[in-house]
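[1] When you get a sec, could you give me coordinates for this:
(one chain, ligands or ions: 1)
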Amino acid sequence: MPGFELFGEAEKAQVQDVLDSGVLMRYGFDGMRNGHWKAKELEKAVAERMQTKYAQVLSSGTAALTVALQAAGIGAGDEVIMPTFTFVASFESILAIGAIPVLVDIDDTLTLDPLAVEKAITTKTKVVMPVHMCGSMADLAALKAICETHDLLLLEDACQAIGGTYEGKPLGSYGDLGCFSFDFVKTITCGEGGALITNNENYYKNADHYSDHGHDHIGSDRGAESHPFLGYNYRISELNAAVGCAQVQRLDEFLQIQKQHYTILRDALTGIEGVRFRRVPDGGVENYSFLNFFLPTEDIARKAHKALGESGVDVCFYWFDNNWHYYRKWQHLTNLNTLGKFPQEIIDGLPDYTISDFSNSDAWMGRTISSLVKLSWTKEEVKRRAKLLASVINAALKD
Ligand SMILES: Cc1ncc(COP(=O)(O)O)c(C=O)c1O
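    Numbering: from 1, shown residues only. Prediction:
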């Protein structure tokens, strides 16, 4: 998903603006900054592009998730439902605020299965957090209906899916809160950075204050501001925000290239018996950052993945064995390996993941192959790649 592949003059000019003034911080120093407020500019652009009233830009996508949970008042002992297939940041952000990550099976959308979500709800559940992995979304209408019935918050992790849509709305804007990552390998990047979006003024104000030590941001004397509640530092720097100001303007250009490359790869696999594409729920449009498909068995998927590597078809992932993105390798969570003592609510409330049954997730993940879609490939390269991909998959299916 790398916006960094097309890092160019616009990004450099934005960074130079910041360097020329010497003000690298997003708040204060009004007289010195030559009128640049890059973080604020990026917030305005993100809110406009995502069609929400508010955006808060933060130091990372992980920070965005943590701040979003805090901003909505989630805390110690509250349960947050999340999928078995996601990046470790999902449970890190939940644990960071003393809440409990409740892992739930995925389905053929590769994110939360609404039936499994419904079964996992308890009196402690406060949030449902679908993660739009690899560019596509969960069945959001079903999840929203569940949240409405049980009075739960819908928090969309759209870190890997910026620019995708659901029922015509940008991903991240459909739920109560949505989060993006602008780390170095996302569709658009700040180097490091993230954002949360919402239409809820209270959540936004909380996020604005909480991410800057609880400062109320009233008036122009930072030292005289008061602190309505305790906060933390999740601020982005002006240098990182400056890169984002250039990249956000290029989001649609990047999405268009991703779609072209994705379509060539997908067309090459279409019609091969035994290949089934990941389900995109009705009303959903991917951001085309990955092409995901299932093969008939885990054994065939393993063989195909190995053969792809040997044939030089790089950036094809087999997530089932991945250390970062699938619950099977999250022993540090399962065993609650922590540096210091964790809140008692987590120790008492964390389900025993050593005995959990996620065989429904395994049935999908074990068969999944994902091809990353790069922006810097030429059309000829994509075509060559698509041909090779199809021939390796065909051979694996016949083996
Ligand atoms: C789905 C998902 N959520 C959250 C994050 C965290 O983002 P960051 O790296 O900006 O902290 C990532 C990053 O890879 C991600 O893929």
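
[2] How about the stretch 51-200 of the chain: which residue is closest to the ligand?
    G61 (2.5 Å; Cβ to the nearest ligand atom). Quick note: C-beta positions are derived from backbone N, CA and C, even for glycine.

[3] nearest spatial neighbour of that residue, skipping sequence neighbours?
    Spatial nearest neighbour of G61, chain neighbours left out: S181 (2.6 Å); criterion: Cβ to Cβ, 6 or more residues apart in numbering.

[4] That neighbour: how many residues sit nearby?
    For S181, the tally of surrounding residues (other Cβ atoms under 10 Å) stands at 30.

[5] Please verify my assumption that it contacts L58.
    No - judged on Cβ atoms under 8 Å, S181 makes no contact with L58 at a distance of 9.8 Å.

[6] Write out the residues of this protein neighbouring the ligand.
    60-62, 86-87, 89, 131, 157, 159-160, 181, 183, 194 (Cβ under 6 Å from any ligand atom).

[7] Among those, name the ones in helices.
    Among the residues of the chain next to the ligand, the ones falling in helices (DSSP state H) are 61-62, 89.

[8] before we move on, back to that, what sits against the residue nearest to G61?
    With contact taken as Cβ atoms under 8 Å, 6 or more residues apart in numbering, S181 is in contact with 60-62, 64, 89, 159-160, 193-194.

[9] what about burial for these, which qualify?
    60-62, 64, 89, 159-160, 193-194 (16 or more other Cβ atoms under 10 Å).

[10] I'd like the ones in helices among the residues of the chain next to the ligand as a markdown table, with pLDDT appended.
    Supplementary listing: those in a markdown table, determined by pLDDT from 0 to 100:
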| residue | pLDDT |
| --- | --- |
| G61 | 98 |
| T62 | 98 |
| A89 | 97 |
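
[11] that older thread, quick check: neighbours shared by S181 and L58?
    With Cβ under 8 Å, 6+ apart as the test, S181 and L58 both reach 64, 193-194.

[12] now, which of those residues lie within strands?
    Counting by DSSP state E, the part of the shared contacts of S181 and L58 found in strands is G194.

[13] Can you tell me which of the shared contacts of S181 and L58 is nearest F29?
    G193 (20.0 Å; Cβ to Cβ).

[14] In space, what's closest to that closest one - neighbours in sequence excluded?
    F182 (3.7 Å).

[15] Please name every helix or strand in contact with the one helix or strand A142 maps to.
    Using DSSP states H and E, A142 sits in helix 140-150. Helices and strands touching helix 140-150, by 3 or more Cβ pairs under 8 Å, 6 or more residues apart in numbering; DSSP states H and E, are helix 114-120, strand 125-128, strand 153-157.

[16] winner for burial among these?
    strand 153-157 (a mean of 26; mean count of other Cβ atoms under 10 Å).

[17] Give me the pLDDT value at M1.
    Looking at M1, its pLDDT stands at 63.

[18] next one: I393
    97.

[19] I'd like the numbering to begin with 26 instead of 1 from here.
    Sure, I'll start counting at 26 from here, so that last one is I418.

[20] Skipping adjacent residues, who's closest to it in space?
    A329 (5.7 Å).

[21] In terms of pLDDT, where does P376 sit?
    pLDDT at P376 comes out at 97.

[22] okay, now it: neighbour count?
    14.

[23] burial of T136, as a residue count?
    Count around T136 with other Cβ under 10 Å applied: 29.

[24] ok, now which ones touch the residue lying closest to it once chain neighbours are set aside?
    Using Cβ to Cβ, 6+ apart and skipping the chain neighbours, the partner closest in space to T136 is A163 (4.2 Å). The contact partners of A163, by Cβ under 8 Å, 6+ apart, come to 108, 134, 136-137, 139, 155, 157, 306.

[25] what are the ranges of the helices in this structure?
    With DSSP H as the criterion, the chain has helices spanning 34-46, 63-75, 86-96, 114-121, 139-145, 165-175, 226-235, 263-274, 276-294, 323-335, 356-359, 369-374, 384-390, 404-423.

[26] Out of those, indicate the one that is most buried.
    helix 86-96 (a mean of 28).

[27] Throw the helices and strands packed on helix 165-175 into TSV and include distance to M57 and mean pLDDT, thanks.
    Conversion of the helices and strands packed on helix 165-175 to TSV gives the following (distance: least, Cβ to Cβ, whole Å; pLDDT from 0 to 100):
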stretch	distance to M57	mean pLDDT
helix 139-145	50	98
strand 150-153	41	98
strand 178-182	37	98
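
[28] got a list of what the residue nearest to I418 touches?
    Contacts of A329 (Cβ under 8 Å, 6+ apart): 320, 394, 417-418, 421-422.

[29] again, 7 Å this time
    320, 394, 417-418, 421 (Cβ atoms under 7 Å, 6 or more residues apart in numbering).

[30] what's the answer for V127, then?
    V127 neighbours (Cβ under 7 Å, 6+ apart): 104-107, 145, 376.

[31] Just the ones of those residues in strands?
    Of those, the ones assigned to strands by DSSP E are 104-107.

[32] can you put the residues you listed in CSV and add pLDDT and neighbour count?
    Listed next are the ones in strands among the contacts of V127 as CSV, based on pLDDT from 0 to 100; neighbours: other Cβ atoms under 10 Å:
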residue, pLDDT, neighbour count
E104, 98, 23
V105, 98, 26
I106, 98, 28
M107, 98, 28
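
[33] Between those residues, which sits nearest G53?
    Closest to G53 out of these is V105 (34.2 Å), distances taken as Cβ to Cβ.

[34] partners of that closest one in the sheet?
    Taking DSSP bridges, one finds P126, V152 as the beta-bridge partners of V105.

[35] Hmm, it is touching L120, no?
    No - using Cβ atoms under 7 Å, V105 is not in contact with L120; the gap is 9.6 Å.

[36] tell me, what's touching the two both at once?
    In contact with both V105 and L120: P126, using Cβ under 7 Å, 6+ apart.

[37] where in the protein is pLDDT low?
    26 (pLDDT under 70).

[38] give the contact list for the residue positioned nearest the centre of the chain.
    What sits nearest the mean C-alpha location of the chain, by Cα atoms, centre = their mean, is C184, with 2.0 Å. Shown in contact with C184 (Cβ under 7 Å, 6+ apart): 86, 204-206, 211.
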